[in-house]
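Visitor: Fold the following, please.
(one chain, ligands or ions: 1)
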Amino acid sequence: MKTKILITIFATTLAMSLSAADVSENYEKHCTKCHGEDGKGDTKMGKKSGVKDLTDPKIQAEFKDERLFKAIKEGIKDGDKTKMKPSEGLDDDEIKALVAHVKKFK
Ligand code: HEC
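Guide: Numbers count the residues shown, from 1 in each chain. Below is the predicted model:
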């Protein structure tokens, strides 16, 4: 009985840490070059593409899950110009995790 509970706790912790590692890995791989590790966008590409400071409380206040999801999934366009590319090779759950990750920058 006790062992079963321990195994459950262990498996849950493992699953949680795995998904946490995944989302930072995805962020690192797909987003850091423009938004920077901390979301401030203080990178060469970030400055070039004109990213906003994702840690800014005023910007965070405008963030809605659906909007962020769409931005990450479909990218952001300004007329014909692509500001942020649609994500490639990320499934909806991974995108949702990234939405949560971005909201934690505040
Ligand atoms: C090529 C550079 C680039 C990459 C790579 C990139 N972004 Fe962006 N992102 C931008 C720019 C530029 C904007 C600001 C567009 C604007 O003017 O509103 C932006 C805006 C955003 C916003 C704000 C959306 C809103 O509704 O205001 C979020 C959130 C975001 N990016 C998350 C991500 C995540 C997560 C990734 C990785 C999957 C990513 N970005 C990858 C350039 C990039």
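Visitor: Quick check: Arg67 vs the ligand, distance?
Guide: Separation of Arg67 from the ligand (Cβ to the nearest ligand atom, to the nearest Å): 5 Å. C-beta here means a position set from N, CA and C on the backbone, and glycine is covered the same way.
Visitor: should've said Ile5
Guide: 37 Å.
Visitor: Which positions within the least confident helix or strand in the chain by mean pLDDT qualify as buried?
Guide: For the chain, using mean pLDDT, DSSP states H and E, the weakest element among its helices and strands is helix 2-30, scoring a mean of 79. Neighbour-count burial for helix 2-30 flags Val23, Asn26, Tyr27, His30 (criterion: 16 or more other Cβ atoms under 10 Å).
Visitor: From the rest of the structure, what touches the helix or strand following it?
Guide: Downstream of helix 2-30, the first helix or strand assigned by DSSP states H and E is helix 32-35. Applying Cβ atoms under 8 Å, 6 or more residues apart in numbering, the set of residues contacting helix 32-35 from outside is Gly41, Thr43, Met45, Gly46, Ser49, Val51, Leu54, Met84.
Visitor: With adjacent residues omitted, what lies nearest to the last one?
Guide: Once flanking residues are discounted, Met84 sits nearest to Ile76: 4.2 Å by Cβ to Cβ, 6 or more residues apart in numbering.
Visitor: I figured the one you found hits Ser87, correct?
Guide: No: between Ile76 and Ser87 there is no contact under Cβ atoms under 8 Å: 11.4 Å.
Visitor: Pick out whichever of those two has more residues nearby.
Guide: Ser87 (18 against 15; other Cβ atoms under 10 Å).
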